[in-house]
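[1] got a sequence here, can you build the structure:
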Amino acid sequence: MALSWNEIKDRALRFSKDWEGEKRERAEKDSFYNDFFNVFGISRRRVATFEEPIKKLTGNQGFIDLFWKGTLMVEHKSFGKNLDSAFEQATDYFAGLKEHELPKYILVSDFARFKLYDLDEKTEHEFALADFHKEVKLFGFIAGYQKKQYQAEDPVNVKAAELMGKLHDELEQNGYEGHALEVFLVRLLFCLFADDTSIFEKDTFKDYLEQRTREDGSDLGMALAQFFQVLNTPMDKRQKSLDEQLAAFPYVNGSLFEEMLPIAAFNSTMRELLLQCCGLDWGKISPAIFGSMFQSVMNPEERRNLGAHYTSETNILKLIKPLFLDELWEEFERVKKNSKQLAAFHHKLGTLKFLDPACGCGNFLVITYRELRLLELEVLRVQHKNQQVIGIGDIIWIDVDQFYGIEYDEWPAKIAEVALWLMDHQMNMRIGEEFGEYFVRLPLKKSATIVHGNALRVDWESVVPKTELSFILGNPPFIGSKMMSTGQRTDLLLAFNNSKGSGTLDYVSAWYIKAANYISGTNITSAFVSTNSITQGEQVSALWGEMFKNYGIKIHFAHRTFNWSNEARGNAAVHVVIIGFGAFDIPSKLIYDYEDIKGEPHEIKGKNINPYLVIGDDLVIAGRSKALSQVPKIAFGNQPNDGGGFLFTDEEYKDFVTKEPEAAKFIRPFVGSYEYINNVRRWCLWLREADPSELKKLPHVMGRIEIVKNHRLSSTRPATVDLASTPTLFGFTSHTGTPYIIIPSVSSERRKYIPIGFMPPEVITSNLCLVVPDAGIFHFGILTSDMHMSWVKYVGGRLKSDYRYSNSVVYNNYPWPKEPTAAQKKEVEERAQAVLDARLKYPNSSLADLYDPLTMPPDLVKAHQALDKAVDKCYRSKPFANETERIEFLFELYGEYTAPLLKIEKKKGK
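    Presented below is the predicted three-dimensional model:
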């Protein structure tokens with residue numbers, strides 16, 4: 001049983017006084033360090049050897065004064081001798097040690113002075129023997145007390161993942177695999193943590209392996225099987241003749257060691273790998289990283305990239321703080337001076353329940369549990385100020401059984417349960433340190449409820465009744481609409497009952513609709529991290545239309561798009577949002593807005609948040625076949641559907657007309673988004689009005705037509721096969737033979753403006769662009785303005801992070817200026833022409849060059865700024881301060897434009 005800090009401090013004070021009066025030169029080192037270790041309730045003879053023989057770097061024989069393998073090396077000098085030389089002597093011994101035996105600490109002393117070196121943290125502390133009791137916490141590692149900073153990419157985490165990964169591979173290659181291997185490794189990970197965090201007495205697991213198993217590893221599997229059995233057996237049920245070393249281990253319970261596993265066959269290599277694992281400082285690895293580390297163990301490609309699965313605590317706190325934590329802290333500040341109210345608040349903390357329906361290895365649950373326990377610690381500090389606490393277990397009301405999860409894979413579900421136990425132990429140690437009493441919850445009597453199953457098929461009420469639940473939270477899978485497996489798509493459509501548009505949704509949407517259904521009629525609040533596409537384009541109508549109409553959902557808070565990088569080297573960043581919602585309203589809402597998606601947000605308060613994450617009335621903008629305003633029609637460009645028969649690169653075009661000059665009259669410039677923006681020359685056969693008799697005289701053209709026909713006939717799509725009857729025509733044609741506005745369907749998010757332009761009638765635009773025939777310079781001015789770009793950013797969809805322009809959602813729903821005056825229209829036209837003129841000054845630059853934020857010419861910037869002001873005046877006289885004001889105004893105007901249409905639809909429905 002570990003000692004409390006109060007006991008350790010008392011012993012340290014007595015020790016320093018007792019030895020202060022001794023004649024230090026004659027003091028026996030062995031006696032001195034026996035007493036030193038007794039301060040921490042540890043038998044020196046059990047963990048450390050005295051005068052250990054070792055070969056030095058020079059090859060000469062030496063003796064380490066005191067050696068605790070993998071933890072501590074002590075060199076002792078006579079009174080008044082140089083302690084720095086003692087440190088150098090200690091490091092000379094490293095050459096004769098195995099890697100797992102290398103110490104983490106070196107202590108040098110002359111009985112009067114101590115100097116402790118932390119080799120991992122690269123720190124050193126020196127103090128006098130008389131002050132030992134003041135510095136005793138430096139030696140917390142002896143008793144298992146540690147204070148560490150946790151980072152996913154900390155070298156110790158990477159090293160641990162690599163060693164456990166090697167052990168995993170060795171076991172698997174030896175035929176020990178599947179479920180048994182996963183459970184076996186989870187048990188080992190628990191024991192490694194326990195050995196360094198005082199669940200077990202310090203290093204007793206390592207000692208058991210070293211002292212009770214053969215070096216060839218032949219009996220290690222059997223020894224571990226017996227060890228696991230002992231951990232699952234209550235103290236009073238154990239055999240009387242059980243090995244004394246085994247009998248000293250505590251009863252763990254909690255079902256972790258309950259299942260009987262096949263006995264693993266070890267060899268010397270595998271035994272050495274396990275001992276090397278024991279040599280690491282597992283107290284440095286946070287339970288929050290525990291699950292991520294285990295995932296990396298199971299996947300060799302990810303062992304040096306723990307952040308690939310590790311969700312940073314910063315990102316988790318972005319969700320849990322506005323969901324519940326900020327409010328709980330505010331309540332604590334209000335009630336902490338009233339003992340009755342504080343007691344009621346403490347009781348409330350012990351009744352809160354949390355569900356993560358996509359919990360993985362439990363990162364969100366583990367951090368949530370830690371934060372609740374930290375809040376409870378503050379409550380206890382107030383309640384028991386200046387009081388001695390006896391029986392810490394009686395005053396801690398928060399426990400792991402308040403936490404629930406659903407996880408598709410079996411072993412992450414088990415890891416989540418174990419990680420919560422480990423965090424519970426860590427917080428118990430912290431409270432024990434605070435109140436001076438050692439406290440550990442063994443045997444494990446309570447556990448989190450982690451259900452292994454498909455969260456989209458499991459009835460969440462069967463996991464935790466909604467009458468008992470407080471909050472839903474998590475980070476469901478980031479899988480786009482077009483990336484889902486057949487099974488995942490089936491799950492999604494089932495969750496939405498095949499409602500209109502549900503086939504376009506990302507996978508995460510299924511968790512939203514399941515949560516909305518579950519929380520309907522309750523005060524449960526939910527929050528998920530999600531791909532930002534659910535707040536953009538056609539997905540908004542398909543998801544939020546259902547959420548609002550069927551379940552009365554209100555958004556309570558939201559983080560606008562930010563970078564979710566998971567702190568992993570080389571890990572592709574995902575652009576995400578966090579949305580908190582409930583089936584009830586609250587008076588004040590919060591938006592966290594990011595000027596830099598990699599930076600920190602600032603808060604925006606409002607009365608309502610719509611699904612585009614803008615302060616304003618709830619609305620969803622569905623695709624519209626006709627424009628809301630009186631403006632020219634928009635259309636897709638022309639789709640060849642030709643198998644390459646109609647199209648030419650610039651080199652192919654030159655070669656073709658060299659062979660068949662008469663064909664030149666049928667070849668037109670051809671542009672898609674890429675060609676238009678990057679000034680790439682491409683060509684197409686345009687045979688819409690070609691005379692058949694002329695075509696028959698052109699064998700190379702006829703060969704190309706044959707390619708088109710064969711391509712269409714080979715299709716499995718009936719509509720494409722039908723097109724084979726007209727092989728001289730594009731599959732879809734929208735070209736009118738008049739000048740038109742061209743809008744790239746996809747454009748980089750780096751650009752402030754989508755580079756919209758005009759095209760002459762001879763240029764054929766592909767279906768990767770949108771075209772607006774019969775449009776004038778005024779229309780161009782509005783479409784290329786900052787005002788319209790604000791609409792695109794919020795209402796349009798995204799391809800990865802790039803802008804994706806839509807005819808039905810973006811253009812047809814855009815609220816054009818209500819009634820601009822002739823003077824206002826003229827100013828827009830003049831400013832728009834100035835933009836086109838500025839472009840013409842740089843004939844050798846592509847639009848990609850001109851609209852790159854780093855190379856955009858100053859005169860083009862000024863021309864756009866002048867156009868933006870002119871367009872703004874068409875909407876209102878007061879300038880817009882920022883993009884938020886613009887989009888809020890546009891949404892309000894959209895509501896005004898659509899209100900009469902809604903009334904008409906209601907009359908039709910009567």
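
[2] what residues sit buried inside the longest strand along the chain?
    If you go by DSSP state E, the chain has its longest strand at strand 554-564. Using 16 or more other Cβ atoms under 10 Å as the test for burial, strand 554-564 gives 554-564. C-betas here are computed from N, CA, C, even on glycine.

[3] packing partners of it?
    The elements that strand 554-564 packs onto, with contact taken as 3 or more Cβ pairs under 8 Å, 6 or more residues apart in numbering; DSSP states H and E, are strand 525-531, strand 574-582, strand 589-593.

[4] now with 7 Å, please.
    Strand 554-564 sits against strand 574-582, strand 589-593, with contacts defined as 3 or more Cβ pairs under 7 Å, 6 or more residues apart in numbering; DSSP states H and E.

[5] ranking these by burial, who's on top?
    Each of the helices and strands packed on strand 554-564 was scored by mean neighbour count; the highest is strand 574-582, a mean of 22, by mean count of other Cβ atoms under 10 Å.

[6] list the strands paired with it, with their directions.
    Applying DSSP bridges to the sheet, strand 574-582 is found paired with strand 525-531 (antiparallel), strand 554-564 (antiparallel).

[7] where are the low-confidence patches of the protein?
    Residue ranges of the chain with pLDDT under 70: 1-33, 38-52, 55-59, 133, 143-158, 254, 288-311, 565-573, 799-800, 900-910.

[8] ok, how many other residues are close to Phe94?
    Phe94: 17 surrounding residues under other Cβ atoms under 10 Å.

[9] then the one 5 residues further on?
    By the criterion of other Cβ under 10 Å, Glu99 has 14 neighbours.

[10] Cys277 is in contact with that one, correct?
    No - if you go by Cβ atoms under 7 Å, Glu99 and Cys277 don't touch, sitting 11.0 Å apart.

[11] contact partners for Leu374?
    Shown in contact with Leu374 (Cβ atoms under 7 Å, 6 or more residues apart in numbering): no residues.

[12] before we move on, back to that, give me the residues contacting the longest strand of the chain.
    For strand 554-564, using Cβ under 7 Å, 6+ apart, the contacting residues are 315, 318, 322, 525, 532, 573-582, 584-586, 589-594, 597-598, 601, 609, 611, 613.

[13] now the strands for the stretch 651-800 of the chain?
    For the stretch 651-800 of the chain, the strands defined by DSSP state E, counting those that start in this stretch occupy 667-671, 682-685, 740-744, 746-747, 757-759, 764-765, 769-773, 797-799.

[14] can you check the stretch 351-500 of the chain too?
    Secondary structure of the stretch 351-500 of the chain, counting by DSSP E, counting those that start in this stretch: strands at 354-356, 403-407, 449-452, 471-474.

[15] what lines up beside the shortest one in the sheet?
    Using DSSP bridges, the neighbouring strands of strand 354-356 in the sheet come out as strand 403-407 (parallel), strand 471-474 (parallel).

[16] buried set for stretch 720-730?
    Neighbour counts over stretch 720-730 (16+ other Cβ under 10 Å) mark 723, 727-730 as buried.

[17] can you give me phi and psi for the residue lying closest to Glu172 once chain neighbours are set aside?
    Distances taken as Cβ to Cβ, 6 or more residues apart in numbering put Leu181 closest to Glu172, at 6.2 Å, once the chain neighbours are dropped. The phi/psi pair for Leu181 (degrees, to the nearest 10) reads phi -60, psi -40.

[18] can you give me the helices for the stretch 601-750 of the chain?
    Along the stretch 601-750 of the chain, counting by DSSP state H, counting those that start in this stretch, helices occupy 650-659, 673-678, 692-696, 699-713, 718-723.

[19] can I get those helices in JSON lines including distance to Thr884?
    Listed next are these as JSON lines, based on distance: least, Cβ to Cβ, whole Å:
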{"stretch": "helix 650-659", "distance to Thr884": "45"}
{"stretch": "helix 673-678", "distance to Thr884": "28"}
{"stretch": "helix 692-696", "distance to Thr884": "57"}
{"stretch": "helix 699-713", "distance to Thr884": "49"}
{"stretch": "helix 718-723", "distance to Thr884": "44"}
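
[20] ranking these by burial, who's on top?
    Neighbour counts (mean count of other Cβ under 10 Å) averaged over each of the helices of the stretch 601-750 of the chain peak at helix 673-678, with a mean of 20.

[21] outside of it, which residues touch it?
    Helix 673-678 is touched from outside by 680, 682, 742, 744-746, 755, 768-769, 846-848, with contacts defined as Cβ under 7 Å, 6+ apart.

[22] using CSV, write out every CA atom in it.
    This file holds the C-alpha atoms of helix 673-678, laid out as CSV (Å, rounded to 0.1, in the frame of the first residue of the first chain):
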residue,chain,number,x,y,z
SER,A,673,-12.4,25.2,-65.1
TYR,A,674,-8.7,24.3,-65.2
GLU,A,675,-8.1,25.5,-68.8
TYR,A,676,-9.9,28.7,-68.2
ILE,A,677,-8.2,29.6,-64.9
ASN,A,678,-4.7,28.4,-66.0
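
[23] show me which residues of stretch 200-214 are buried.
    The neighbour-count check on stretch 200-214 (16+ other Cβ under 10 Å) flags 200-210, 213 as buried.

[24] same check, this time on stretch 379-396
    Buried residues in stretch 379-396, defined by neighbour count with 16+ other Cβ under 10 Å: 379-380, 389, 392, 395-396.

[25] now the end-to-end length of stretch 742-752.
    With Cα to Cα, to the nearest Å as the measure, stretch 742-752 spans 17 Å from end to end.

[26] out of the strands of the stretch 651-800 of the chain, flag the one nearest Lys166.
    strand 797-799 (41.1 Å; Cβ to Cβ).

[27] and the contacts of the very next helix or strand once past the closest one?
    Proceeding N to C from strand 797-799, the next assigned helix or strand is strand 802-804, under DSSP states H and E. Identification of contacts with strand 802-804 by Cβ under 7 Å, 6+ apart yields 537, 745-749, 754, 792, 796-798.
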